[in-house]
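Novice: I would like to see how this sequence folds:
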Amino acid sequence: MDLLPDLWRQEYWLPAGVTWTDVEQLADSDRPRPHDLLIALPLALGFVALRYVFESFFAPPMGRCLGVKNRLQVTAAPLPRLESFYTQRSRHPTQSEIVSLMLLCGKTQRQIETWFRVRRNQDRPPLTKKFGEAAWRFFFYLTAFVAGLACLIDRPWFWDRRECWTQYPVQPMERAHYWYYMLELGFYGSLLLRISVDIKRKDFKEQVIHHLATIFLLSFSYCANYIRIGTLVMLLHDSSDILLESAKMFNYGTGWRKTCDTLFVVFAVAFLVTRLVVFPSKILHTTLVLSMEEFQPFFGYYLFNVLLMVLQALHIFWAGLIIRMVYKFQKGKLEKDERSDEESEVDEESRDKRGEENADQGEDFCWERSRDNMNSKLRMLTNSCVLTNHRASVANNMRKAQ
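Specialist: Predicted coordinates:
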């Protein structure tokens, strides 16, 4: 705290009437210190290394047990001009761009569209990679939830939320809760480090906001000794994330459709209950209302609740996606995750099939029309020949009669 003294002014971090001297009455091992957060960086790097080992040696046999198989991919023909356009300009050329590429490469429209479709398929992440990511997150969330529940279930604030603010901020910190915080912080730091190489999904921006808000929220709540309420927030979030990742794992496998659907329904119910009911009614009520029984609002109070509101806004966004998926599930139209990778395989394949069918139908229609025109001309030619022969025969008979 000797560095940047203006940042650590007690009116920013502590309620009125409480000073850093009061907090320092606790032993060094019993109170959170800002420099403790430095351990999160090596933990994040350790999680990156551990994830590499897990996805390389443990996820593949798990995937084989569930029948995870990569789709066969066709390699696009080496066309430098199309490859340059694909990598530098757009993966989805417009109609005018396709016409320009036709003139530039001497290809037909269908050949250009087919090449881009095959080239996009090459860049799609394989199912084994998707399964590895889901399995790693499932492993962490399950471990974190079990460990968090074990170290919180016998604590008074787990059952009585007013205990979160008893004698705040002079509250001793347990070592189990310290490691719970640091491991969660290191895990989300590793997700942020890997976000550029992980599968890019439709909610990529929301995921970045979520990771940044979570890291900032964990760091701030640790320094301000909001550890009791912070552990409840982490436990609540991990509970439904387990079901989400397990549903993904079975979705990528073969022959597990009923299991995947069941897990998805359970996840949807758990997510909507924990994020839209429990979180605002219990967590936000505790931080906004019950905390006021112990102290008056201050800067840290407002900042902490603003960060929680950001998480709640993301909850509402993802709840909308889940509700749309549930609607499609009831209609029997659910074929993919609403937040699946940006290049939606199902959508593009269906568009490609429709495009090919329309092209085939167009070719059939043109052939049918050409055949009808040819038959019509043949009939006219035949009638003309018959009429000419008939006239010649009549003329001969008339000459013989004369």
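
Novice: For my notes, confirm Ser196 occurs in a helix.
Specialist: No - read with DSSP: H, G, I helix; E, B strand; the rest coil, Ser196 is coil and lies in no helix.

Novice: where does it land on pLDDT?
Specialist: At Ser196, the model reports a pLDDT of 83.

Novice: Could you do the one 5 residues further on as well?
Specialist: Model confidence at Arg201, given as pLDDT, is 79.

Novice: go on, Pro78?
Specialist: Predicted confidence (pLDDT) for Pro78: 88.

Novice: Burial check on it, number of neighbours?
Specialist: When neighbours are defined as other Cβ atoms under 10 Å, Pro78 has 7 of them. For the C-beta atoms, the positions are set from N, CA and C on the backbone; glycine is no exception.

Novice: Let me know the secondary structure of it.
Specialist: Assignment for Pro78 (three-state DSSP): coil.

Novice: low-confidence ranges in this structure?
Specialist: The model of the chain has pLDDT under 70 over residues 1-5, 332-402.

Novice: Asn225 contacts Arg31, correct?
Specialist: Yes - assessed by Cβ atoms under 8 Å, Asn225 is found in contact with Arg31 at 7.1 Å.

Novice: Which neighbours do these two have in common?
Specialist: 23, 173 (Cβ atoms under 8 Å, 6 or more residues apart in numbering).

Novice: Compare these two (neighbour count), which wins?
Specialist: Applying other Cβ under 10 Å to Asn225 and Arg31 shows that Asn225 carries more neighbours, namely 21 against 18.

Novice: Which element, helix or strand, includes that one?
Specialist: Under DSSP states H and E, no helix or strand contains Asn225.

Novice: burial count for the closest residue to it other than its chain neighbours?
Specialist: Leaving out its chain neighbours, the residue that sits closest to Asn225 by Cβ to Cβ, 6 or more residues apart in numbering is Pro169, at 4.5 Å. For Pro169, the count of nearby residues is 22 (other Cβ under 10 Å).

Novice: for the one 5 residues further on, same thing?
Specialist: Close neighbours of Glu174, defined as other Cβ under 10 Å, add up to 14.

Novice: how about it, what does it touch?
Specialist: Cys151.

Novice: For it, give its distance to Ala319.
Specialist: Look at Glu174 and Ala319: by Cβ to Cβ, to the nearest Å, they are 33 Å apart.

Novice: is it true that the residue nearest to Asn225 lies in a strand?
Specialist: No - looking at Pro169 with three-state DSSP, it is coil, so not inside a strand.

Novice: Could you list which residues are in contact with it?
Specialist: Here Pro169 is in contact with 14-15, 18, 22-23, 224-225 (Cβ under 8 Å, 6+ apart).

Novice: go again using 6 Å as the cut-off
Specialist: 14, 23, 225 (Cβ atoms under 6 Å, 6 or more residues apart in numbering).

Novice: burial measure for the second one, as a count.
Specialist: Put plainly, it is Val23. There are 18 residues near Val23, going by other Cβ under 10 Å.

Novice: Can you give me the distance of it to Ala134?
Specialist: Taken as Cβ to Cβ, the span from Val23 to Ala134 is 42 Å.

Novice: Equivalent analysis for the first one, please.
Specialist: When distances are taken as Cβ to Cβ, Leu14 and Ala134 turn out to be 42 Å apart.

Novice: what's the answer for Cys65, then?
Specialist: Distance from Cys65 to Ala134, by Cβ to Cβ: 14 Å.

Novice: neighbour-wise, which of these two wins?
Specialist: Remark: of Cys65 and Ala134, Ala134 carries more neighbours, 22 against 9, as counted by other Cβ under 10 Å.

Novice: Backbone dihedrals for the closest residue to that one other than its chain neighbours, both of them.
Specialist: Spatial nearest neighbour of Ala134, chain neighbours left out: Lys248 (3.9 Å); criterion: Cβ to Cβ, 6+ apart. Dihedral pair for Lys248: phi -60, psi -40, per degrees, to the nearest 10.

Novice: didn't Lys248 look like it was pressed against Trp136?
Specialist: No - Lys248 is beyond contact range of Trp136, at 11.2 Å (criterion: Cβ atoms under 6 Å).

Novice: the more surrounded of the two?
Specialist: In this view Lys248 and Trp136 are compared by other Cβ under 10 Å, and Lys248 has more residues nearby, 23 against 20.

Novice: Please report how far the more buried one lies from Arg33.
Specialist: Counting by Cβ to Cβ - Lys248 and Arg33 are separated by 38 Å.

Novice: got it, and Tyr226?
Specialist: Relative to Arg33, and taking Cβ to Cβ, Tyr226 is found at 15 Å.

Novice: neighbour-wise, which of those two wins?
Specialist: Between Tyr226 and Arg33, counted using other Cβ under 10 Å, Tyr226 has the larger neighbour count: 25 against 14.

Novice: What are the boundaries of the helices in the stretch 151-300 of the chain?
Specialist: Secondary structure of the stretch 151-300 of the chain (DSSP state H, counting those that start in this stretch): helices at 156-159, 175-193, 204-223, 227-252, 257-273, 285-288, 299-331.

Novice: So which bits of the first one are buried?
Specialist: Going by neighbour count (16 or more other Cβ atoms under 10 Å), the buried part of helix 156-159 is 157-158.

Novice: now the second one
Specialist: Taking 16+ other Cβ under 10 Å as the neighbour-count basis, helix 175-193 is seen to contain the buried residues 177-178, 180-193.

Novice: could you say what helices and strands that helix packs with?
Specialist: Here helix 175-193 touches helix 40-53, helix 127-152, helix 204-223, helix 227-252, going by 3 or more Cβ pairs under 6 Å, 6 or more residues apart in numbering; DSSP states H and E.

Novice: Kindly calculate the angle that the last one makes with helix 204-223.
Specialist: Going back to what we said before, that points to helix 227-252. For helix 227-252 against helix 204-223, the angle between stretch directions is 150 degrees (axes from the mean of the first three to the mean of the last three Cα atoms, to 10 degrees).

Novice: what helices or strands is helix 227-252 leaning on?
Specialist: Secondary elements touching helix 227-252 (3+ Cβ pairs under 6 Å, 6+ apart): helix 127-152, helix 175-193, helix 257-273.
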